[in-house]
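Q: need a structure here:
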Amino acid sequence: MKIALLSISSRPTLPPGEYGYGGMTRVNWNIAEELARLGHDVSFFATPRSKAPEGCTLVPYPQALCKHNQNCVGILKATDKSLAVWFGDEWLSNFDIIHESSHRMPIALFCEGPILATMHNPNTRKRWEHWTRNLVALSPTHAKKYPKREGGTGLVPWVFNGVRVGSQPYVDHKTGPFLLMGVMQPYKGVAETIQAAIEADVPLILAGTREGSPYYVDHCAFLVKQHSNIEFVGEVQGDYKDSLVADARAAMLYVKWNEPGTMFGVEAMASGTPIIGSRSGCIPDYVIDGETGTLVSTVGAMAHAMRTVDQIEPAACYERYLRYFTVEKQVQSYLKLYKRTAAGERW
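A: The predicted model follows:
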């Protein structure tokens, strides 16, 4: 198949080892790489300064259409329409399937054709209320946010994110600190995770962006400074990132929003690392409570889970990854949806 994969992000899409934070760009890279490995003709659309996986053709967006850091909603909408016009005029008729993977979906919203769109936002938006394009969610819980569209033929399907088998180091005996990897914002439960680590008296590493955000400065920084076993290391990548995930006693996902899908959680399971997480969003779709991790509702329960996490077998985490969260399974699921979309089916 001739496939256009549109990776729309404010940051360049780069190969493993060159990027730090950014689960969505990792998802898009993995999908494109696997599609090319299977012999498909993949054009990889991405922000300027991006790279493309081996076997894919890189198509950078025009720099003038990549205004992602504007605060004005009107400017964003105008940019979306301009990007859709550019794509529609230059590229729309060139592909058997167009797979858009972004937050705002400009191509899917404003163009007609064999378009499938993976939604990475956690909640519905008013602009989606009367839209019938082929939307894909990231988990069963996420899919429930998007009921059947008027004129569609079914409910919104979902596809778990995945990573390639063997791409993550597997460690059976965990000796590292607990790990929270992600943006330092309240919806990631950063302050609560720090408090739980203090209560449990265990080491914790915070890896991610926005150390200087008002939330981190006001609610987290002073706790980190007061406790020597809690460390902020910033964005991580390459072998260092992989070793942090693989050695961690647990991946901390005490999220406080409707998390649609977590690449950090997938990478953790692939390394045999259990997840300690909240019951919000997709986390219960990932974790078998008591077998591959622990689901908690309070800081006290999170601290208890941190003290007892050694009861979780890394092999059970890895087995769950192999069953549901490999990129090979992810792409096979997408190929089925591509065929449905190319055949004219709508949902």
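
Q: how about the contacts made by residue 233?
A: Residues in contact with residue 233 (C-beta atoms under 8 Å, 6 or more residues apart in numbering) are 205, 206, 207. Just so you know, the C-beta spots here come from the backbone N, C-alpha and C atoms, and that holds for glycine as well.

Q: and the gap between it and residue 216?
A: According to C-beta to C-beta, to the nearest Å, residue 233 stands 13 Å off from residue 216.

Q: ok so, going back, turn the contacts of residue 233 into TSV, columns for neighbour count.
A: Output for those, formatted as TSV (neighbours: other C-beta atoms under 10 Å):
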residue	neighbour count
205	21
206	26
207	24
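
Q: residue ranges for the strands of this protein, please.
A: 2-7, 41-46, 57-60, 97-102, 115-119, 134-136, 178-181, 204-207, 230-232, 251-253, 275-277, 293-295 (DSSP state E).

Q: save those as CSV, and put in mean pLDDT and distance to residue 265 too.
A: Converted to CSV, those look like this (pLDDT from 0 to 100; distance: least, C-beta to C-beta, whole Å):
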stretch, mean pLDDT, distance to residue 265
strand 2-7, 94, 21
strand 41-46, 95, 24
strand 57-60, 95, 29
strand 97-102, 91, 18
strand 115-119, 92, 17
strand 134-136, 90, 18
strand 178-181, 97, 10
strand 204-207, 96, 14
strand 230-232, 96, 21
strand 251-253, 98, 6
strand 275-277, 98, 6
strand 293-295, 98, 9
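
Q: out of these, which is closest to residue 239?
A: strand 204-207 (13.8 Å; C-beta to C-beta).

Q: need the contact partners of the closest one.
A: Contacts of strand 204-207 (C-beta under 8 Å, 6+ apart): 176-182, 184, 190, 193-194, 197, 220, 224, 229-236, 241, 244, 248, 252.

Q: next, count neighbours for residue 171.
A: Under the neighbour criterion other C-beta atoms under 10 Å, residue 171 is assigned a count of 17.

Q: wait, what's in contact with the closest residue to it other than its chain neighbours?
A: Distances taken as C-beta to C-beta, 6 or more residues apart in numbering put residue 246 closest to residue 171, at 4.3 Å, once the chain neighbours are dropped. By C-beta under 8 Å, 6+ apart, residue 246 lies in contact with 168, 169, 170, 171, 271, 272, 273.

Q: out of those residues, which comes closest to residue 301?
A: residue 273 (19.4 Å).

Q: thought the closest one was touching residue 317?
A: Yes: contact criterion C-beta atoms under 8 Å: residue 273 and residue 317 qualify, at 6.3 Å.

Q: of these two, who's got more company?
A: residue 273 (33 against 25).

Q: show the pLDDT at the more buried one.
A: Note on residue 273: pLDDT of 98.

Q: i'd like the first residue to be 324 from this point on
A: Renumbered: residue one is now 324, and that last one reads residue 596.
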